[in-house]
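A.B. asks: structure, please.
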Amino acid sequence: MIRLALRVRRADAELVLAELLELAPNGVEENEDGEVVEFAVYGAPGELPALPALRAAAGEAFVEVETEEIPDDWYDGWKEFHRPIVVGDVLIGEGRIVDLYEKESKGRTMTFLVTETVWRDEKSGESAVTERFNLIHRS
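C.D. replies: Presented below is the predicted three-dimensional model:
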């Protein structure tokens, strides 16, 4: 799986998002860090290019572009529904760290922290959803 990230000044974020949604109509991940907004899309090798870090133009804005490989099961492995969830359900989550590992990519170390949260019905205690989350830090 490839993660393609574009970082842009907040002032240009709306313009870049509009351009990006033309290429990724199913949506993008969005993260904010001060005056910088990062948009990311995910795809299989061949769907998304593996690029070196670079600067590019999106409309009239300049963006920083970077790609990285992430585990193939990232998309499918993040959720598991145990029963239907309906409006009005009150769920209580309990999380834990299930894995921590490092991987080298393009001369940099990526640290992966994998968490799992089990969401249970407040009244019955029945498990409704299990979700997994991969936090990736590049150094």
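A.B. asks: for the residue nearest to residue 36 when sequence neighbours are not counted, give the beta-bridge partners.
C.D. replies: Nearest residue to residue 36, sequence neighbours excluded (CB to CB, 6 or more residues apart in numbering): residue 7, at 5.4 Å. Every residue, glycine included, has its C-beta placed from N, CA and C. For residue 7, the beta-bridge partners under DSSP bridges are residue 38, residue 64.
A.B. asks: where does the prediction get shaky in the chain?
C.D. replies: Along the chain, the model assigns pLDDT under 70 to residues 72-77, 105-106, 138-139.
A.B. asks: run through the strands of it in chain order.
C.D. replies: Applying DSSP state E to the chain gives strands spanning 2-9, 29-33, 36-43, 54-58, 61-69, 79-81, 91-105, 108-121, 127-138.
A.B. asks: could the ones you listed be laid out in a markdown table, adding mean neighbour count and distance to residue 19?
C.D. replies: Converted to a markdown table, the strands of the chain look like this (neighbours: other CB atoms under 10 Å; distance: least, CB to CB, whole Å):
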| stretch | mean neighbour count | distance to residue 19 |
| --- | --- | --- |
| strand 2-9 | 19 | 9 |
| strand 29-33 | 11 | 14 |
| strand 36-43 | 18 | 10 |
| strand 54-58 | 12 | 5 |
| strand 61-69 | 17 | 8 |
| strand 79-81 | 12 | 29 |
| strand 91-105 | 11 | 27 |
| strand 108-121 | 15 | 27 |
| strand 127-138 | 14 | 25 |
